[in-house]
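Student: Here is the input, now give the coordinates:
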Amino acid sequence: MLQVCLLAILGLPWLGAAVIWLAGDRRPDRLHRLAVAFSAAGGLAALGLLPQATDEVALRLSLGGVFGDFTLVPDGLGVLVAAIASVIGCLAIVFATDYMQHGHQLARFYSLTLLFIGAMAGLALSGSLLLTFLFWEITALCSYALISFHNDDPRAVAGGLKALVMTQVGGIGLLVGALLAYAWLGDYQISTFLARAGSLPEGVLGLIAFGFLLAAAAKSAQVPLHSWLPDAMEAPTPVTALIHAATMVNAGVYLLARFYPAFSSVPHWRLAVMVVGALSALLAGLMALACGDIKRVLAYSTISQLGFMVYAVGSGALFASQFHLLSHAIFKALLFLAAGALITALGTRDLCQMGGLGRRMPFVRTVFVIGACGLVGLPLANGFFSKDLILEGGLEGGPAWLYAGMLVSVGLTAAYSLRLVGLVFGGERRGPDPAHDARPAMRLALALLAFGTLSSWLLAGPLGRMLAGTLPAHSLEAVGTWRLVGAILAHPATWGTLAVVALGFALWAGRRAFTRLARALAPLLEGGLGFEWLNRQIVDQTRRLAALVQRSQTGQLNWNAAAILAGLLAAAAVLLAGGRP
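Tutor: Okay, the predicted model is just below:
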């Protein structure tokens with residue numbers, strides 16, 4: 001049964017992608033039904049895998065040679081991320097049946113989306129570093145293709161290329177780390193690496209650790225490699241909800257949590273992780289204050305919330321980071337899809353063209369406010385419990401000055417969230433009236449996500465037991481849901497955090513002072529605090545390097561054959577040497 005679930009989680013989305021691609025665009029209704037059917041089947045298989053989580057290898061494909069064994073290990077960490085990708089992916093596709101009702105190239109859209117869902121599940125469940133890297137690259141390719149889906153829009157194409165280059169910079173860190181691990185240990189298995197990491201020379205382990213941090217920062221859009229995510233908002237909204245809110249951007253956090261036991265003793269690594277997370281949470285919160293595009297505000301919010309998770313990993317609060325990963329996937333997918341319903345009805349993403357929509361779109365208003373409660377971390381919403389656990393872990397496991405920065409980020413989250421809700425649903429209409437409220441399929445997806453935002457915190461106990469029972473190297477302690485809730489409510493930091501949230505609300509309530517602050521910061525924030533320039537330089541230098549390498553393609557068969565022969569000889573020399581120094 002375990003093997004069947006694993007094959008279904010990976011195979012059904014990819015089979016669906018192939019079937020839909022071959023079916024073409026001739027019958028859109030059939031494409032909608034096929035996409036929902038295959039994604040729902042994959043989602044059910046992922047949910048069926050949750051009670052079967054184990055740290056044992058469930059599937060093994062022996063390739064031999066330098067490739068070793070490709071394995072799938074459904075431990076708690078992998079099963080959690082695979083379930084998020086599969087279930088949120090299914091809901092995004094259900095939403096898309098209305099959102100893309102009159103869209104073109106549906107076969108390409110659904111095929112790429114299903115291909116991404118399967119690849120993300122494979123990344124999470126992989127027990128091999130090499131297989132992890134392969135899935136990592138497939139998700140990057142799908143992300144690029146979906147961001148650039150509207151390939152007649154120059155901004156979409158530019159956003160896709162930027163995302164591809166920036167995430168590939170991080171992919172180099174992952175590849176170098178995987179190859180170094182194989183060179184010293186002779187094995188790509190993650191379990192082998194975690195068990196024997198202490199035997200590696202300090203310099204080698206440090207290089208792997210910081211290479212993986214680079215990979216995580218690029219994939220999870222963390223400072224200084226974060227500016228690709230706001231530009232990725234040119235993708236269709238179901239894509240932004242799935243890839244850039246709930247799944248792909250979580251891969252970096254997953255990577256850091258997966259290898260935390262091996263890297264926690266590397267000098268300065270934990271502090272570096274916490275600094276990256278804290279800076280991302282703080283700076284992205286500031287940039288969200290001055291943004292006038294609803295999807296870009298949510299993109300900056302995603303960067304900020306991922307910063308909370310990265311900070312939690314660095315402080316050693318691994319359960320808190322994964323609990324917030326689950327919470328964030330639900331409430332941020334809800335916010336993005338609700339924004340998609342608004343954009344469909346209004347035909348604009350500009351906050352200046354919204355306002356007064358609460359009376360005209362009551363359903364969207366209700367679910368959007370529920371999502372905002374999760375984002376801010378108000379009681380009864382899932383974000384309240386997971387975010388407080390992160391802050392408590394940071395208070396106990398990190399420097400006080402970083403904790404203070406995270407509290408400022410909490411206040412900023414409250415301020416820009418209340419600003420967003422106020423500009424969209426409060427006040428008077430500032431643009432055309434909406435054509436309709438959310439359509440039926442949209443309502444189904446939004447209602448389920450809203451319910452999850454209000455109830456998923458009840459899964460804290462089962463999630464803790466699953467992680468503790470299947471991640472022996474991480475030394476996690478399982479705590480029941482109600483005991484955990486009691487501990488959160490009894491901790492003084494919880495009430496301090498709520499006071500900071502109230503201050504954030506007060507910042508927006510003082511409209512005039514808030515507006516003056518936002519206007520004063522706008523020139524600096526719109527330029528991405530200088531990081532936009534830095535990221536553009538990375539993209540430009542990558543293009544120049546590619547153009548330089550392109551000169552090696554002479555078109556002369558003899559030279560190409562000589563280069564291939566030289567590469568084969570070099571590879572043979574490495575293999576004969578045993579692949580290790």
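Student: what packs against the helix or strand harbouring residue 117?
Tutor: Residue 117 is part of helix 106-125, with elements assigned from DSSP states H and E. For helix 106-125, the contact count by 3 or more C-beta pairs under 8 Å, 6 or more residues apart in numbering; DSSP states H and E identifies helix 2-23, helix 28-49, helix 76-99, helix 129-147, helix 250-258 as packing neighbours. Quick note: C-beta positions are derived from backbone N, CA and C, even for glycine.
Student: Mean pLDDT and mean neighbour count added to the ones you listed, as a markdown table?
Tutor: Supplementary listing: the helices and strands packed on helix 106-125 in a markdown table, determined by pLDDT from 0 to 100; neighbours: other C-beta atoms under 10 Å:
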| stretch | mean pLDDT | mean neighbour count |
| --- | --- | --- |
| helix 2-23 | 92 | 19 |
| helix 28-49 | 93 | 20 |
| helix 76-99 | 94 | 27 |
| helix 129-147 | 92 | 22 |
| helix 250-258 | 94 | 26 |
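Student: So which of the ones you listed is nearest residue 349?
Tutor: helix 76-99 (13.7 Å; C-beta to C-beta).
Student: What distance separates the opening and closing residues of stretch 282-298?
Tutor: 15 Å (C-alpha to C-alpha, to the nearest Å).
Student: cool, stretch 14-33 as well?
Tutor: 16 Å.
Student: what distance separates that stretch from the centre of its chain?
Tutor: Offset of stretch 14-33 from its chain centre (C-alpha atoms, centre = their mean, to the nearest Å): 27 Å.
Student: Repeat that for stretch 292-305.
Tutor: Relative to its chain's centre, stretch 292-305 lies at 13 Å (C-alpha atoms, centre = their mean).
Student: What of stretch 483-495?
Tutor: 28 Å.
Student: The spatially closest residue to residue 323 that is not a sequence neighbour: how many residues sit nearby?
Tutor: Using C-beta to C-beta, 6 or more residues apart in numbering and skipping residues adjacent in sequence, the residue nearest residue 323 is residue 386, 4.3 Å away. By other C-beta atoms under 10 Å, the residues close to residue 386 number 30.
Student: Same question for residue 461.
Tutor: Other residues within reach of residue 461 by the criterion other C-beta under 10 Å amount to 17.
Student: How about the one 5 residues further on?
Tutor: Using other C-beta under 10 Å, residue 466 has 22 other residues around it.
Student: likewise residue 56?
Tutor: Other residues within reach of residue 56 by the criterion other C-beta under 10 Å amount to 11.
Student: residues touching the closest residue to it other than its chain neighbours, list them.
Tutor: Nearest non-adjacent residue to residue 56, counting by C-beta to C-beta, 6+ apart: residue 73, 7.1 Å away. For residue 73, the contacting residues are 54, 55, 56, 57, 58, 125, 126, 127, 190, 191, by C-beta atoms under 8 Å, 6 or more residues apart in numbering.
Student: out of the residues you listed, which is most surrounded?
Tutor: For the contacts of residue 73, the largest number of neighbours (other C-beta under 10 Å) sits with residue 125, at 27 neighbours.
Student: roughly how far apart are the closest residue to residue 254 other than its chain neighbours and residue 22?
Tutor: Here the nearest residue to residue 254 in space, its sequence neighbours aside, is residue 81; by C-beta to C-beta, 6+ apart that works out to 5.3 Å. As for residue 81, its distance to residue 22 is 29 Å (criterion: C-beta to C-beta, to the nearest Å).
Student: number of nearby residues for the closest residue to residue 251 other than its chain neighbours?
Tutor: Setting aside the residues directly before and after it, residue 251 is nearest to residue 219 in space (C-beta to C-beta, 6+ apart), at 4.8 Å. Residue neighbour count, defined by other C-beta under 10 Å, stands at 29 for residue 219.
Student: what does residue 569 give?
Tutor: By the criterion of other C-beta under 10 Å, residue 569 has 10 neighbours.
Student: cool, and residue 299?
Tutor: What residue 299 shows, counting by other C-beta under 10 Å, is a neighbour count of 29.
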